[in-house]
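[1] Next one to model:
(chains A and B)
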2 protein chains.
Amino acid sequence: MTTMSGFQMTAPGEPLSPVRREIAVLAADDVLVRVAGCGVCHTDLGFLYDGVRTRHPLPLILGHEISGYVEDAGSRLRALVGKAVVVPAVLPCGECAVCRGGHATICAAQVMPGNDRDGGFATHTILPGRFLCPVPGAASDPDAQLGEAPGLTLRHLAIVADAVSTAYQAVERSGLRGGGLAVVVGLGGVGTFAAQVAAERGAAVVGLDVDPRRREAAAKIGVGLALDPREIAGKELRARVAEFARASGAPATGWTILECSGTPAGQQTAFGLLVHGATLMVVGFTLEAVSLRLSNLMAFDARALGNWGCAPQLYPAILDKVLAGRIDVVSHAALRPLSRIAEALEDVHARRADRRIVLVPDREEMA
Amino acid sequence: MTTMSGFQMTAPGEPLSPVRREIAVLAADDVLVRVAGCGVCHTDLGFLYDGVRTRHPLPLILGHEISGYVEDAGSRLRALVGKAVVVPAVLPCGECAVCRGGHATICAAQVMPGNDRDGGFATHTILPGRFLCPVPGAASDPDAQLGEAPGLTLRHLAIVADAVSTAYQAVERSGLRGGGLAVVVGLGGVGTFAAQVAAERGAAVVGLDVDPRRREAAAKIGVGLALDPREIAGKELRARVAEFARASGAPATGWTILECSGTPAGQQTAFGLLVHGATLMVVGFTLEAVSLRLSNLMAFDARALGNWGCAPQLYPAILDKVLAGRIDVVSHAALRPLSRIAEALEDVHARRADRRIVLVPDREEMA
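    Residues are numbered from 1 along each chain as shown, chains lettered A, B, ... in the order given. Next up is the predicted model:
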């Protein structure tokens, strides 16, 4: 096997084009990963449709939510060969001053697959191997049952690479504890995991989403109160959330608000829910500006924290919770063949996909 | 002495009116402070001119930046009688869940003089005494020299109650360390101390102000690069700050940006200076909204932290630095008689005051 195949982006708005490439000789710190699954994220759509620029010039194979097998490795990482892994969506260098200072997610030398290098919408991808997260108990069959959650396979774990881990780091950074109150704005690809992670810590969880199907399904992800922020807004929304907090025994201050919609309306809703000592996690992304009274952060002694990716150190704990069935990914994933990537991207763009799509390389492509 | 006199606010936009009152019997946890000085803050102007509402209904004696002597004390605080003190602008209860959890600045039972109760634009004020900060080495004469800084008196220490301590807590919370880069937006009443505190920690300091006099004086408060954000803005400003960081040996990431202007323009400038891992401290206040790309917090893995007041626990360290002359308040204060409060407020409102005004009760009023 000396070639790989995949789909590359050539220009914004253009369809992805199939590509077949020679597999390059590996650098000492790189590994060749045979892709088991690669999730489709709104970040990919931002590159494709919204004019967000990839850091590596086009053409580029997108996809940064990868699980797979280490098929080959550079001289310094031979011990990884054969291992099943989840690939953190942000791979820091581990050596620079910011990495050593504990802020790996801003490492200037970080590699994000499908942004800094070719990514996972392919049969194989070559990546820095240092921070890949081995999957305990994984067999050589990517469709084999893993852990305690019925139906869980290595392919589903692709979602851990970004959607689950981003949500997890956001909750972790917020300092949310059991007995606290979390409000998740946007119960989509990341928000659905933010709610689960918050509930798993023992917090009372409010979920806001404009989509009635998501609100109806919200109880399954630990949401105790699901509301439509287009129907209930402003002071009424604050009052309803405060009432729920009281009824749940959560405090009236120090709420954790997780903005996962990546929309201006969602950001304004989230900002409007600030209370004294609140923490607003800015998890979703939009290029658009919003009008806010920034001084409310001062008046409420509150804070707004951005969240980019997830530090590799957190992945083993996340994976443990997923394997133990404490965070459900199976119900939130839809496996589809990589050959039908165009349709998958269209479905996500048109918001027709009610689960996170994981693209799985077709058998014939893998041959 | 059974009466006190002062000036009370009766309605927004109306002149303050002189008032003489009986001194009430003290509750067990209260103290009677004879005012040595009370600083004029933009928060007072917000109440008077901008429609910000005081938490206690009007009429109310404003003023929350107080130094003085404990002249009498309730049964539980007798040991304080005779002590010279600085009165933290925010006095938490010390007993509730948020206080015990280390977040005293959002204590729901907090008392801010001149907002929750009558404040310091008076000969005397009655306050919860628990968290007053005793001034080491103070004599009974409020005009006596204190510490190492020539000209420093107890009256000047009024400024420590809010302007200096707010700046100090903001820098403390930001995590700024020696060798880092701080950008102070607005070199006014609080910003001038934010710059000093940042410089005292060994950070390289950029100061932004539209006032040429403040920029000219900025070197004295530790500012290494002073710029006019109306002349140099956007990418050019970022580039100039980055160049200064490089020349100072400070990193290109993780800047601390201290927004002390409390203006929409200043907030936009501050937000526009976000770099990877940056911390924006929202210290100034304005009722106005600003248009921002909130998602930049996510894209830069950055954060915006509000800062309300200062936890009482930080005051002794701040006072030490002021008494040692490591933070200069003398050059930044102008003592004026309390009887001329109307003129003082007008001067601050019209931005004619180039120093922070400390109102000093007149001798005849104290009799």
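[2] Residue A:19: neighbour count?
    16 (other CB atoms under 10 Å in any protein chain shown). Using the backbone N, CA and C atoms, a C-beta is placed for each residue, glycine as well.
[3] Look at the nearest residue to it once chain neighbours are set aside and give its secondary structure.
    Among residues not flanking residue A:19 along the chain, residue A:8 sits closest, at 4.7 Å (CB to CB, 6 or more residues apart in numbering or on different chains). Three-state assignment for residue A:8 (DSSP: H, G, I helix; E, B strand; the rest coil): strand.
[4] Centre of the chain to stretch A:127-137, how far?
    Distance, stretch centre to chain centre, for stretch A:127-137: 17 Å (CA atoms, centre = their mean, to the nearest Å).
[5] do the same with stretch A:221-241
    Chain-centre distance of stretch A:221-241: 24 Å, with CA atoms, centre = their mean.
[6] which residues touch the closest residue to chain B within the stretch 1-150 of chain A?
    Closest to chain B within the stretch 1-150 of chain A is residue A:106: 4.1 Å, counting by CB to the nearest CB. Neighbour list for residue A:106: A:98, A:308, B:253, B:254, B:276, B:277, B:300, B:301 [criterion: CB atoms under 8 Å, 6 or more residues apart in numbering or on different chains].
[7] And the last one, how far from residue B:228?
    Here the criterion is CB to CB, to the nearest Å. By it, residue B:301 lies 30 Å from residue B:228.
[8] Neighbour count for those two, which is higher?
    Between residue B:301 and residue B:228, counted using other CB under 10 Å, residue B:301 has the larger neighbour count: 24 against 15.
[9] Next one: that one from residue A:277, what distance?
    Counting by CB to CB, the gap from residue B:301 to residue A:277 is 22 Å.
[10] can you check residue A:32 too?
    Distance from residue A:32 to residue A:277, by CB to CB: 48 Å.
[11] For the contacts of residue A:106, which two are the farthest from each other?
    The span of these, defined through CB to CB, is set by A:308 and B:254 at 13.5 Å.
[12] Could you check how far the longest strand along chain A is from the centre of its chain?
    Using DSSP state E, we find that the single longest strand of chain A is strand A:30-39. Relative to its parent chain, strand A:30-39 has a centroid offset of 16 Å by CA atoms, centre = their mean.
[13] repeat for stretch A:349-358
    Here stretch A:349-358 is found 14 Å from its chain centre; the criterion is CA atoms, centre = their mean.
[14] likewise stretch A:8-16?
    Relative to its chain's centre, stretch A:8-16 lies at 22 Å (CA atoms, centre = their mean).
[15] tally of neighbours for the closest residue to residue A:287 other than its chain neighbours?
    The shortest distance from residue A:287 to any non-neighbouring residue, by CB to CB, 6+ apart, is to residue A:50 (6.4 Å). When neighbours are counted by other CB under 10 Å, residue A:50 registers 16.
[16] What pLDDT is listed against residue A:50?
    Confidence at residue A:50, expressed as pLDDT, is 90.
[17] can you check residue A:365 too?
    Looking at residue A:365, the pLDDT reads 57.
[18] ditto for residue A:1
    Reported pLDDT for residue A:1: 59.
[19] now residue A:42
    89.
[20] where's residue A:188 relative to chain B, distance?
    Residue A:188 is 15 Å from chain B, where distance means CB to the nearest CB, to the nearest Å.
[21] Give the helix, strand or coil label for that residue.
    Three-state call for residue A:188 (three-state DSSP): coil.
[22] What of residue A:213?
    Per three-state DSSP, residue A:213 ends up helix.
[23] Give the residue spans of chain A that score low on pLDDT.
    A:1, A:364-367 (pLDDT under 70).
[24] Tell me who's in contact with the residue nearest in space to the middle of chain A.
    The residue lying closest to the centre of chain A (CA atoms, centre = their mean) is residue A:163, at 1.8 Å. Residues in contact with residue A:163 (CB under 8 Å, 6+ apart) are A:39, A:41, A:65, A:189, A:190, A:193, A:356.
[25] Same check on residue A:344?
    A:40, A:336, A:353, A:357, A:359.
[26] who wins for most neighbours among the residues you listed?
    residue A:359 (28 neighbours).
[27] how much space between it and residue A:163?
    Distance, residue A:359 to residue A:163, by CB to CB: 14 Å.
[28] what do these two both touch?
    Taking CB under 8 Å, 6+ apart as the criterion, residue A:359 and residue A:163 both touch residue A:39.
[29] So the residue nearest to residue A:19 sits against residue A:61, correct?
    Yes - taking contacts as CB atoms under 8 Å, residue A:8 lies within contact range of residue A:61: 4.8 Å.
[30] quick one: which of those two has more around it?
    In this view residue A:8 and residue A:61 are compared by other CB under 10 Å, and residue A:61 has more residues nearby, 24 against 18.
[31] close enough to count as contact, that one and residue A:18?
    No - with contact defined as CB under 8 Å, residue A:61 does not count as touching residue A:18 (10.5 Å).
[32] could you pull out the helices for chain A?
    With DSSP state H as the criterion, chain A has helices at A:42-49, A:97-100, A:163-174, A:191-200, A:212-216, A:234-248, A:264-272, A:296-299, A:315-323, A:341-349, A:363-366.
[33] Pull the residues that contact the second one.
    So the one you mean is helix A:97-100. A:92, A:93, A:104, A:106, A:107, A:108, B:251, B:253, B:254, B:277.
[34] so how far is residue A:162 from the third one?
    This points to residue A:104. Going from residue A:104 to residue A:162 by CB to CB gives 15 Å.
[35] and these two? which has more neighbours close in?
    Counting neighbours by other CB under 10 Å for residue A:104 and for residue A:162 shows that residue A:162 has the greater number, 28 against 24.
[36] show me what contacts the more buried one?
    Applying CB under 8 Å, 6+ apart to residue A:162 gives the contacts A:39, A:41, A:43, A:64, A:65, A:89, A:309, A:310.
[37] Chain B next: which of those are close?
    residue A:309 (CB under 8 Å from any CB of the partner chain).
[38] who wins for most neighbours among the contacts of residue A:162?
    Taking other CB under 10 Å as the neighbour criterion, residue A:65 ranks highest of these with 32 neighbours.
[39] Grab the nearest non-local neighbour of that one.
    Excluding its sequence neighbours, the residue lying closest to residue A:65 (CB to CB, 6+ apart) is residue A:39, at 3.3 Å.
[40] you'd agree the one you found is up against residue A:357?
    Yes - at 6.9 Å, residue A:39 counts as touching residue A:357 under the criterion of CB under 8 Å.
[41] Let me have the contacts of helix A:97-100 in JSON lines, adding distance to residue B:236 as columns.
    Putting these into JSON lines (distance: CB to CB, whole Å) gives the following:
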{"residue": "A:92", "distance to residue B:236": "31"}
{"residue": "A:93", "distance to residue B:236": "30"}
{"residue": "A:104", "distance to residue B:236": "31"}
{"residue": "A:106", "distance to residue B:236": "24"}
{"residue": "A:107", "distance to residue B:236": "27"}
{"residue": "A:108", "distance to residue B:236": "22"}
{"residue": "B:251", "distance to residue B:236": "21"}
{"residue": "B:253", "distance to residue B:236": "20"}
{"residue": "B:254", "distance to residue B:236": "22"}
{"residue": "B:277", "distance to residue B:236": "22"}
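[42] Please check those and keep the buried ones.
    Those of these that meet the buried threshold are A:92, A:93, A:104, A:106, A:107, B:251, B:253, B:254, B:277, by 16 or more other CB atoms under 10 Å in any protein chain shown.
[43] Pick out whichever of these sits closest to residue B:185.
    Closest approach to residue B:185 among the buried ones among the contacts of helix A:97-100 (CB to CB): residue B:254, at 17.3 Å.
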